[in-house]
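# Give the three-dimensional model of this entry:
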Amino acid sequence: MSDLGIDAGAFFSDITRKGLPAGCNAEGFPLFTVPWQVHMAEIMRTFCYMITESDKFNLELSSAVKNAIFFSGQEELYVPQLERNNFLRTWSYCITVIDIEEDGEPVAEEKMQRYLKIMENYMIFSRKKTFAFELGGTIVLLFADYAEDMVKKAVTDLLKRCNFQKEQCYVGIGRCTPGAQSIGKSYRQACQVLKLQKNVHNDKDVVAYQELGIYKLLMDIENQDVINEYYAETIQKLVEYDSLNQTNYCDVLQCYLDHSGSVKETAEAMFVHRNTINYKINKIEEMLNCDLSELDTRLLYSIAFMLKKIM
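Sure, this is the predicted structure:
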């Protein structure tokens, strides 16, 4: 427990202070009471059977969900396994993807497995119709027959339980989609949200797909060439100029757009004089050959910055 930043002594002291049953329930910690006449060998045999059944359940269900993600059109690969484990094909399904990093790098496998186990235990104790597994270096959570607001609340509570210390935790929640055949769609949406969160370095908030506004439209552009062309025709030249000359014209332009073209508000936000902003906006207009006083032009470049965040 100390490896996860938890003071074991304080943890058990808190449980004892509350009283064993109440304290264990409050902390999600299992408590077993055994009559004296029950032999330990019988207990261990029962535990071994339960562990074997749990491993079988995890293996079959994770395989089914992976097939639902990557082979959604072949329902025979996942629907029977889901229903055999009491996950009905007609339920709504929502996928959450969690990426845990430390100093910009994926966490060690040992620590990943610890966090995965914490999430598995929390989901088991909190409510059924949930499942957690690892996929491609991320943790995938499956919520079945949940409302979207319930999913976000559950994920928020779960992350608090993990008690992250130095780690950065990025989260993406897909939509609650109807039917098991839509699990793959919810997974792709969750991955899109996760990518956006990582690009803007937002490891503080739990964000769901339905909260993204115009980003939902931009993320659904399947032709990457269209995105690249739009980026090249708008802000790429400015980005490259900043990189080559160590200037901040992109930051100025984005701040200017965020404040609806107000020089006064941009100057206040960037803690510089208005004349500095005026000079840089004029310079940007020269480089991009545009008139930023026009609303349509500002919208054009606002969309370009949004696309940059999801590229």
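# Show me the residue at the heart of this structure, geometrically.
Centroid check for the chain by C-alpha atoms, centre = their mean gives residue 171 as the closest residue, at 1.5 Å.
# Not counting its neighbours along the chain, what's nearest that residue?
Among residues not flanking residue 171 along the chain, residue 206 sits closest, at 4.9 Å (C-beta to C-beta, 6 or more residues apart in numbering). Just so you know, the C-beta spots here come from the backbone N, C-alpha and C atoms, and that holds for glycine as well.
# For the one you found, list the residues it contacts.
Residue 206 makes contact with 152, 155, 156, 159, 171, 173, according to C-beta atoms under 8 Å, 6 or more residues apart in numbering.
# switch the cut-off to 10 Å
96, 98, 151-156, 158-159, 169-173, 193, 197 (C-beta atoms under 10 Å, 6 or more residues apart in numbering).
# For residue 236, see how far away it is.
Applying C-beta to C-beta, to the nearest Å, one obtains 32 Å for the distance of residue 206 from residue 236.
# Repeat that for residue 139.
Note on residue 139: its distance to residue 236, by C-beta to C-beta, is 35 Å.
# Ok, residue 137 next?
For residue 137, the distance to residue 236 equals 30 Å [C-beta to C-beta].
# Any idea how far the top helix by length along the chain is from the middle of the chain?
Scanning the chain for the helix with the most residues, using DSSP state H, yields helix 40-70. The chain centre lies 26 Å from the centre of helix 40-70; the measure is C-alpha atoms, centre = their mean, to the nearest Å.
# So which other helices or strands are in contact with the helix or strand following that helix?
Going down the chain from helix 40-70, the next helix or strand is helix 79-84, by DSSP states H and E. The elements that helix 79-84 packs onto, with contact taken as 3 or more C-beta pairs under 10 Å, 6 or more residues apart in numbering; DSSP states H and E, are helix 40-70.
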